[in-house]
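S.K.: Coordinates for the following, if possible.
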Amino acid sequence: MKKIFRKFISTLTIVTLLQFSCVTSSHGFTVGEEREMGEQLLYQIRLAFPLLDDPDISQYINILGAEVLEVAGFQYFDYHFNVIESSQFNAFAAPSGLIFFYSGLIEQMHHEDELVSVLAHEIGHVVARHIAKGMDKSMKLSVATSLLALASLALGAGALSQALLTGSLAAGQAANLHFSRQAEEEADLLAYSWMKKMKRHPTGQAAMLSTMRRISRYTMGNNVPQYLLTHPNPAVRLDYVQSMLDYEEEELQNYEKTDDFAFLRMRYRLLSIVKDGKHLRNLLKNNLSDTSHSEAEHIMLQYGLSQLDRMENNFTSSRKLLQEVIAFYPDKSILLVDLGIVEMEDGNKERALGLIQRAYKLNRNDHWATFQLARIWLSLGNLDKAEFYLKEIQAATPGYSKIYFELGQLKSRQGESGDASYYLGKYYLYEGRLFLARQSLLTAEKKSGLHADNKEDINNLLGIIDRLEEKD
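M.R.: Alright, predicted model coming up:
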């Protein structure tokens, strides 16, 4: 019962914070207050939603975000871009530059420019302070929203639970919390101008709005996706974006077509994780028979099949398909990492090591290669090398929970039980398992030989847990 109540408080906090973000009020939050709220919200979302934060997915979407921010000018916050595992068609910008995409939204996209357009639109809301201007410290939850949040908890943490939770957000936002038409137009115009500065064709924005319009037309009543409730009027928005495209047609003809390799790789990696295998296989094979796709698109459909085969332990087929993709894209070193993972899972550790080392040497900034290199050294028993690469990826992606699990395992094998408990506690915290996080950190605190930096960090982590549980 205590655990259920804690989860309820966590979910309720998210509902409260997200409702704060869109309410019209004369009492706006300061930048400092917004930053503090954003830090708390990121932990709260970890408690309620599964994040797809593997280093390659996280690095890809944050690189895209950085490209937009580079042309957007000075920012008050350090932005963080995250993918939530959910079939819903949704995305949202939260206080202090936290931007979340649902996997269900990415599934509906076909080109990188479509993703960039949504990403830029959400950044536009933050830059224009649409969120901060609407914050009201005294806002209280409605009874209906509270009951919906409670109902989502009573049903557990599955898809229906999350649908009720996001439904409770939309229920309030549909009435008076959605972005105004003026705010939507302002964010659209900012996204359009930034895409031009990036030399990305704004047809990606029109394509995404067209998808939104189609989904809006074929959904009714309570089935309207959350993104269309909080970001209304896709038909109107498409009209004025299309008008700008028509007016600037001659200028835009000189724009080069975007290379969709990185996007399609991320999309199919993501789909192989979240989709039912049989359904995804049928979808990929049907698309392979579609002659309207380019050769590159067909090759990346084979990549999708290779990931699905790997997930189903069909390593021979996965290896063969990946080798065909590598032959088409010989300069994409991240594919060597993917092939190395197939070899590692098939028990060919030395072959896996060679492939992943080669990828790492070709691109030392590849977080996926770094993390997999740490894992293969750990499996081979070279703990010093494994620790070197784990610490490297920890510095690059400190919010990735699996790093701390691997470090905990490594420290346990090194006989450093205090540090092992510390890293395990940090893993549980980032996974949203607060009770286990506290127990592990308190255990670490009592151990001798605990690294000084880790010992100092324990008080900070326990303070975070206290704040997350303060209403329990």
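S.K.: hey, let's count contacts and neighbours off CA atoms from now on
M.R.: Will do.
S.K.: Figure out the helix or strand that residue 59 lives in.
M.R.: When elements are assigned from DSSP states H and E, residue 59 belongs to helix 55-72.
S.K.: And that helix, what does it pack against?
M.R.: Applying 3 or more Cα pairs under 8 Å, 6 or more residues apart in numbering; DSSP states H and E, one finds that helix 55-72 contacts strand 80-84, helix 112-127, helix 181-197, helix 261-274, helix 367-380.
S.K.: will you turn these into a markdown table that also has distance to residue 307?
M.R.: Converted to a markdown table, these look like this (distance: least, Cα to Cα, whole Å):
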| stretch | distance to residue 307 |
| --- | --- |
| strand 80-84 | 19 |
| helix 112-127 | 20 |
| helix 181-197 | 31 |
| helix 261-274 | 6 |
| helix 367-380 | 15 |
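S.K.: Now tabulate these in JSON lines and tack on mean pLDDT, distance to residue 48 and mean neighbour count.
M.R.: Supplementary listing: these in JSON lines, determined by pLDDT from 0 to 100; distance: least, Cα to Cα, whole Å; neighbours: other Cα atoms under 10 Å:
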{"stretch": "strand 80-84", "mean pLDDT": "92", "distance to residue 48": "10", "mean neighbour count": "21"}
{"stretch": "helix 112-127", "mean pLDDT": "93", "distance to residue 48": "22", "mean neighbour count": "24"}
{"stretch": "helix 181-197", "mean pLDDT": "90", "distance to residue 48": "28", "mean neighbour count": "19"}
{"stretch": "helix 261-274", "mean pLDDT": "97", "distance to residue 48": "17", "mean neighbour count": "20"}
{"stretch": "helix 367-380", "mean pLDDT": "97", "distance to residue 48": "26", "mean neighbour count": "23"}
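S.K.: With respect to residue 314, which of the ones you listed lies nearest?
M.R.: helix 261-274 (13.5 Å; Cα to Cα).
S.K.: tell me the mean pLDDT over the helix or strand following the closest one?
M.R.: On the C-terminal side of helix 261-274, the nearest following helix or strand under DSSP H and E is helix 277-288. Mean pLDDT, taken over the full extent of helix 277-288, equals 94.
S.K.: Just the C-alpha atoms of the helix or strand just after helix 277-288, please, in PDB.
M.R.: The C-terminal neighbour of helix 277-288 among helices and strands, as given by DSSP H and E, is helix 295-311. What follows is helix 295-311 as a C-alpha-only set of coordinates in PDB (Å, rounded to 0.1, in the frame of the first residue of the first chain):
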ATOM      1  CA  GLU A 295      17.400   1.800 -52.700                       C
ATOM      2  CA  ALA A 296      18.700   3.400 -49.500                       C
ATOM      3  CA  GLU A 297      15.300   3.000 -47.900                       C
ATOM      4  CA  HIS A 298      15.200  -0.600 -48.900                       C
ATOM      5  CA  ILE A 299      18.600  -1.200 -47.400                       C
ATOM      6  CA  MET A 300      17.500   0.400 -44.100                       C
ATOM      7  CA  LEU A 301      14.400  -1.800 -44.100                       C
ATOM      8  CA  GLN A 302      16.800  -4.700 -44.100                       C
ATOM      9  CA  TYR A 303      18.600  -3.100 -41.200                       C
ATOM     10  CA  GLY A 304      15.200  -3.200 -39.300                       C
ATOM     11  CA  LEU A 305      14.900  -6.900 -40.100                       C
ATOM     12  CA  SER A 306      18.400  -7.500 -38.800                       C
ATOM     13  CA  GLN A 307      17.600  -5.900 -35.500                       C
ATOM     14  CA  LEU A 308      14.400  -7.900 -35.200                       C
ATOM     15  CA  ASP A 309      16.300 -11.100 -36.000                       C
ATOM     16  CA  ARG A 310      18.900 -10.300 -33.300                       C
ATOM     17  CA  MET A 311      16.100  -9.700 -30.800                       C
END
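S.K.: Remind me what helix 295-311 packs against, helices and strands.
M.R.: Contact analysis of helix 295-311 by 3+ Cα pairs under 8 Å, 6+ apart lists helix 261-274, helix 277-288, helix 315-328 as its packing neighbours.
S.K.: Of all those helices, which one comes closest to residue 96?
M.R.: Of the helices and strands packed on helix 295-311, the one closest to residue 96 (Cα to Cα) turns out to be helix 261-274, at 25.7 Å.
S.K.: quick revisit: and residue 390, which of the helices and strands packed on helix 295-311 is closest to it?
M.R.: Go through the helices and strands packed on helix 295-311 one by one with Cα to Cα and the one that ends up closest to residue 390 is helix 261-274, at 22.3 Å.
S.K.: Need the residues that contact that closest one.
M.R.: Judged by Cα atoms under 8 Å, 6 or more residues apart in numbering, the contacts made with helix 261-274 from elsewhere in the structure are 52, 56-57, 60, 85-86, 103, 106-107, 110-112, 280, 300-301, 303-304, 307-308, 311.
S.K.: Then stretch 429-441?
M.R.: Taking Cα under 8 Å, 6+ apart as the rule, stretch 429-441 contacts 43, 46-48, 399-401, 421-422, 424-428, 458, 462, 465.
S.K.: Give me the buried subset of those residues.
M.R.: Buried members of those, scored by 16 or more other Cα atoms under 10 Å, are 43, 46-48, 400-401, 421-422, 424-428, 458, 462, 465.
S.K.: So, low pLDDT: which residues of the stretch 1-150 of the chain?
M.R.: Low-confidence regions of the stretch 1-150 of the chain, defined by pLDDT under 70, span residues 1-40, 95, 129-150.
S.K.: switch to 80 and redo it
M.R.: By pLDDT under 80, the low-scoring segments of the stretch 1-150 of the chain are 1-48, 76-77, 94-96, 128-150.
S.K.: in it, which spans are strands?
M.R.: With strands called from DSSP state E, counting those that start in this stretch, the stretch 1-150 of the chain shows them at 80-84, 91-94, 98-102.
S.K.: Turn the ones you listed into JSON lines, including distance to residue 415.
M.R.: Output for the strands of the stretch 1-150 of the chain, formatted as JSON lines (distance: least, Cα to Cα, whole Å):
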{"stretch": "strand 80-84", "distance to residue 415": "35"}
{"stretch": "strand 91-94", "distance to residue 415": "42"}
{"stretch": "strand 98-102", "distance to residue 415": "38"}
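S.K.: Which one of the ones you listed lies nearest to residue 382?
M.R.: When the strands of the stretch 1-150 of the chain are ranked by proximity to residue 382 (Cα to Cα), strand 80-84 comes first, at 32.3 Å.
S.K.: How about residues contacting that closest one?
M.R.: Residues from elsewhere that reach strand 80-84 (Cα under 8 Å, 6+ apart): 49-53, 58, 61-62, 65, 97-103.
S.K.: Neighbours of residue 358, how many?
M.R.: Residues contacting residue 358 under the criterion other Cα atoms under 10 Å number 17.
S.K.: Report the buried residues of the host helix or strand of it.
M.R.: Using DSSP H and E, residue 358 sits in helix 349-362. Taking 16+ other Cα under 10 Å as the basis for neighbour counts, the residues of helix 349-362 that come out buried are 349, 352-353, 355-360.
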